[in-house]
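Asks: Mind folding the following:
(chains A and B)
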There are 2 protein chains.
Amino acid sequence: MIGVFDSGFGGLTVMKEILKILPEHDYMYLGDQAHVPYGPRSKETIKRFCKKNIQFLFDRGAQIIIIACNSATTAALPYLQKEYPDKHILGVVIPAAEKALESSRSGVIGVVGTSATIRSLVYNKEIIKAANKLYNKEDKKYCDKIKIFSNACPLLVPLTEERWHKKPETKMIMRKYLRRLKDAHIDTLILGCTHYPILEREFKRVMGRNCRIINASREQALALKRYILEHPDIGLSKNSSRVFYTTDCKDKFIELGSIFLGQPINNAKKVEI
Amino acid sequence: MIGVFDSGFGGLTVMKEILKILPEHDYMYLGDQAHVPYGPRSKETIKRFCKKNIQFLFDRGAQIIIIACNSATTAALPYLQKEYPDKHILGVVIPAAEKALESSRSGVIGVVGTSATIRSLVYNKEIIKAANKLYNKEDKKYCDKIKIFSNACPLLVPLTEERWHKKPETKMIMRKYLRRLKDAHIDTLILGCTHYPILEREFKRVMGRNCRIINASREQALALKRYILEHPDIGLSKNSSRVFYTTDCKDKFIELGSIFLGQPINNAKKVEI
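Replies: As a prediction, the model looks like this:
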């Protein structure tokens, strides 16, 4: 059983990518809608919420847990891995950071995300770490060339959750958020929030052909696949079952969740955590 | 001691109006930022959060509690008044509904608020109730003429919290939200969310001269003044003290809160509830 959790709907874009490449496994999804959004909250508060969610999923038999939320990964992943040293907990940041590094020719990389993610500089750190690992001995010059520009886009979460993702106001707001990154001539942009894949096409349009868009949800799904291949001992069950939990309104979860998942969610259980 | 609480910053627009007319009293403000926003959440979840907040304020000596949040008032006020039958708990809806009725000549009234407030039809019910009380015997025809048009404007909370309240995108979004109400020729508009007074000027501009804007925060402050005059037995303390509590990031509360309060907040205490 694989457990996936997010503060709300965003994690369903990760689930969507995972189901594309690993449909045979069993999944539990937990959307902590009662506390959404995590992005603007303090690190301590996010850690407290995450601990409860993780425990909930382990109690129900999760063998691997995917934190499908950038704010939660940023604020709480090392803390959670320390709290549960014998468990498998994967975050969303590193796979996208590595992919961006691989994709960028100029080394000028952009990152967008919630305030919590951007403020933490987590993508900056992981890109630099990956660059040092990859190029340290071979190409010191490349490492020195890396420049990272980032911008918080906090309004994109409510705009997608209110289904304004195709409206002109959203495009205007995106253009404003991305102006500085365009001016910096980034050639690669990481969508560092699991809500943003809903806007992937718009990001492509605003950034133009010369900028490669890295969908962190897709990279996390690919990383899970690699992880499973490397850890056959986990013995994951394979009955293609899916269970959805939400900490708030079930009907809203089913309705809006189906858009994020890209396929209908037939049922969800409301739980208090 | 008067306790004021809200899901976040909005209640500070109520506090601002209260401090203008009742500066001599002692106040505790609680912003439940760890759970903001209440608007999109289910009734049960909002009730659960409110109960905890109310208890927190009573434990610290509150003699009257003001629920300075439309979503919380709508979802939880009758429940809280039942849970605490001997206590003084006031909500934000009724004063604004009565004022709107008093202001409107045509009887065609508009209401804007969060999804929870609008979905509940609470303003509709309170306006009709007030109309029946006021006009029942004298002017049955006026009661029959009353028409209420409402629209949820959920994006205005994140837009004001992200300080986009003066940007053109916010005005465009407001125009879209208000189009139906303008087309209905309302002559009075209730700002049924405590965040919206930040946008009062923009609401006036979009709605034009023929529409009167009712600021629910101001009406709640005036209602509190009347309530205090009618209940001298409460024996409220008068040392002009102010204490601010937040359930999340203290620094953000002080910074953004000062904008909503219209005066600097010098200190705030972070609490876990």
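
Asks: so who does A:Val157 touch?
Replies: A:Gly10, A:Pro37, A:Gly39, A:Thr114, A:Cys193, A:His195, B:Pro158 (Cβ atoms under 8 Å, 6 or more residues apart in numbering or on different chains). Every residue, glycine included, has its C-beta placed from N, CA and C.

Asks: Would you agree it falls within a helix?
Replies: Yes: assessed by DSSP: H, G, I helix; E, B strand; the rest coil, A:Val157 belongs to a helix.

Asks: returning to that earlier point: in a markdown table, list the contacts of A:Val157 along with neighbour count, distance to B:Asn151 and pLDDT.
Replies: Shown next, in a markdown table, are the contacts of A:Val157 (neighbours: other Cβ atoms under 10 Å in any protein chain shown; distance: Cβ to Cβ, whole Å; pLDDT from 0 to 100):
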| residue | neighbour count | distance to B:Asn151 | pLDDT |
| --- | --- | --- | --- |
| A:Gly10 | 32 | 27 | 92 |
| A:Pro37 | 24 | 23 | 83 |
| A:Gly39 | 28 | 26 | 77 |
| A:Thr114 | 29 | 27 | 89 |
| A:Cys193 | 31 | 28 | 94 |
| A:His195 | 31 | 24 | 94 |
| B:Pro158 | 22 | 17 | 91 |
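
Asks: Counting neighbours, what do you get for A:Arg226?
Replies: A:Arg226: 10 surrounding residues under other Cβ atoms under 10 Å in any protein chain shown.

Asks: Please enumerate the strands of chain A.
Replies: A:2-6, A:27-31, A:64-67, A:88-90, A:108-113, A:147-152, A:188-191, A:212-215, A:242-246, A:269-270 (DSSP state E).

Asks: between the ones you listed, which gets nearest to chain B?
Replies: strand A:269-270 (8.2 Å; Cβ to the nearest Cβ).

Asks: counting contacts, what elements does that closest one pack onto?
Replies: strand A:242-246 (3 or more Cβ pairs under 8 Å, 6 or more residues apart in numbering or on different chains; DSSP states H and E).

Asks: what's the offset of the strand it packs on from the middle of its chain?
Replies: Computed by Cα atoms, centre = their mean, to the nearest Å, the chain-centroid distance of strand A:242-246 equals 18 Å.

Asks: Outside of that strand itself, which residues are in contact with it?
Replies: A:26-31, A:33, A:56, A:253-254, A:257, A:265, A:267-271.

Asks: Give the buried residues for stretch A:71-87.
Replies: A:Ser71, A:Ala72, A:Thr73, A:Thr74, A:Ala75, A:Ala76, A:Leu77, A:Leu80 (16 or more other Cβ atoms under 10 Å in any protein chain shown).

Asks: Format the strands of chain A as a markdown table; extra columns: mean pLDDT and mean neighbour count.
Replies: A markdown table is the format used below for the strands of chain A (pLDDT from 0 to 100; neighbours: other Cβ atoms under 10 Å in any protein chain shown):
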| stretch | mean pLDDT | mean neighbour count |
| --- | --- | --- |
| strand A:2-6 | 97 | 26 |
| strand A:27-31 | 97 | 25 |
| strand A:64-67 | 97 | 26 |
| strand A:88-90 | 97 | 19 |
| strand A:108-113 | 97 | 27 |
| strand A:147-152 | 97 | 19 |
| strand A:188-191 | 98 | 28 |
| strand A:212-215 | 98 | 20 |
| strand A:242-246 | 97 | 21 |
| strand A:269-270 | 95 | 14 |
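
Asks: The ones you listed: which one's closest to A:Arg201?
Replies: Nearest to A:Arg201, of all the strands of chain A, is strand A:212-215, at 9.4 Å by Cβ to Cβ.

Asks: Which strands or helices does that closest one pack on?
Replies: Judged by 3+ Cβ pairs under 8 Å, 6+ apart, strand A:212-215 is in contact with helix A:93-103, strand A:188-191, helix A:200-207.

Asks: rewinding a little: any idea which of the contacts of A:Val157 is closest to A:Lys16?
Replies: Of these, the one sitting nearest to A:Lys16 (Cβ to Cβ) turns out to be A:Gly10, at 10.8 Å.

Asks: The closest one contacts A:Leu191, doesn't it?
Replies: No: checked against Cβ atoms under 8 Å, the pair A:Gly10 and A:Leu191 is beyond contact range at 10.6 Å.

Asks: Show me what from chain A comes close to chain B.
Replies: Within chain A, the positions adjacent to chain B are A:33-35, A:40-42, A:45, A:154-155, A:157-159, A:161-162, A:164, A:168-169, A:172-173, A:176, A:247-249, A:252 by Cβ under 8 Å from any Cβ of the partner chain.

Asks: of those, buried ones?
Replies: Of the residues of chain A next to chain B, these count as buried by 16+ other Cβ under 10 Å: A:33-35, A:40-42, A:45, A:154-155, A:157-159, A:161-162, A:164, A:169, A:173, A:176, A:247-249, A:252.

Asks: For chain A, name the helix or strand with the lowest mean pLDDT.
Replies: Ranked by mean pLDDT, DSSP states H and E, the weakest helix or strand in chain A is helix A:140-145, scoring a mean of 73.

Asks: so what's the closest residue to A:Cys69 other than its chain neighbours up against?
Replies: Once flanking residues are discounted, A:Cys69 sits nearest to A:Asp6: 4.3 Å by Cβ to Cβ, 6 or more residues apart in numbering or on different chains. Taking Cβ under 8 Å, 6+ apart, we find A:Asp6 in contact with A:Leu12, A:Val14, A:Leu30, A:Gly31, A:Asp32, A:Ile67, A:Ala68, A:Cys69, A:Ala72, A:Thr194.

Asks: Tell me which of the residues you listed fall in helices.
Replies: A:Leu12, A:Val14, A:Ala72 (DSSP state H).

Asks: Could I get the residues you listed in TSV, plus columns for distance to A:Val108 and pLDDT?
Replies: Shown next, in TSV, are the ones in helices among the contacts of A:Asp6 (distance: Cβ to Cβ, whole Å; pLDDT from 0 to 100):
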residue	distance to A:Val108	pLDDT
A:Leu12	31	97
A:Val14	27	97
A:Ala72	28	94
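
Asks: Tell me the one among those residues nearest to chain B.
Replies: A:Ala72 (14.5 Å).

Asks: Check the nearest residue to that closest one once chain neighbours are set aside and give its pLDDT.
Replies: Distances taken as Cβ to Cβ, 6+ apart place A:Cys50 nearest to A:Ala72, at 5.2 Å, with adjacent residues excluded. pLDDT for A:Cys50: 96.

Asks: swap in the one 4 residues further on?
Replies: With respect to pLDDT, A:Ile54 scores 96.

Asks: so it makes contact with A:Tyr84?
Replies: Yes: the criterion here is Cβ under 8 Å, and A:Ile54 meets it with A:Tyr84 at 6.9 Å.

Asks: re the thing from before, mind picking the two most distant members of the buried residues of stretch A:71-87?
Replies: A:Ser71 and A:Leu80 (13.4 Å).

Asks: Who are the contact partners of the residue nearest to A:Lys204 when sequence neighbours are not counted?
Replies: Of all residues not flanking A:Lys204 in the chain, A:Ile213 sits nearest, at 5.6 Å (Cβ to Cβ, 6+ apart). Each residue near A:Ile213 by Cβ under 8 Å, 6+ apart is listed here: A:Leu189, A:Leu191, A:Glu200, A:Phe203, A:Lys204, A:Met207.

Asks: Surely the second one touches A:Val112?
Replies: Going back to what we said before, that points to A:Leu191. Yes: with contacts counted by Cβ under 8 Å, A:Leu191 reaches A:Val112, the gap being 6.3 Å.

Asks: Tell me who's in contact with the residue of the stretch 1-150 of chain A found nearest chain B.
Replies: Ranked by Cβ to the nearest Cβ, the top residue of the stretch 1-150 of chain A for proximity to chain B is A:Ser42, at 4.1 Å. When contacts are counted by Cβ under 8 Å, 6+ apart, A:Ser42 touches B:Asp248, B:Cys249.

Asks: Would you work out how far apart the start and end of stretch A:148-164 are?
Replies: For stretch A:148-164, the first-to-last residue distance is 29 Å (Cα to Cα, to the nearest Å).

Asks: Share the number of residues neighbouring A:Asp183, please.
Replies: 9.
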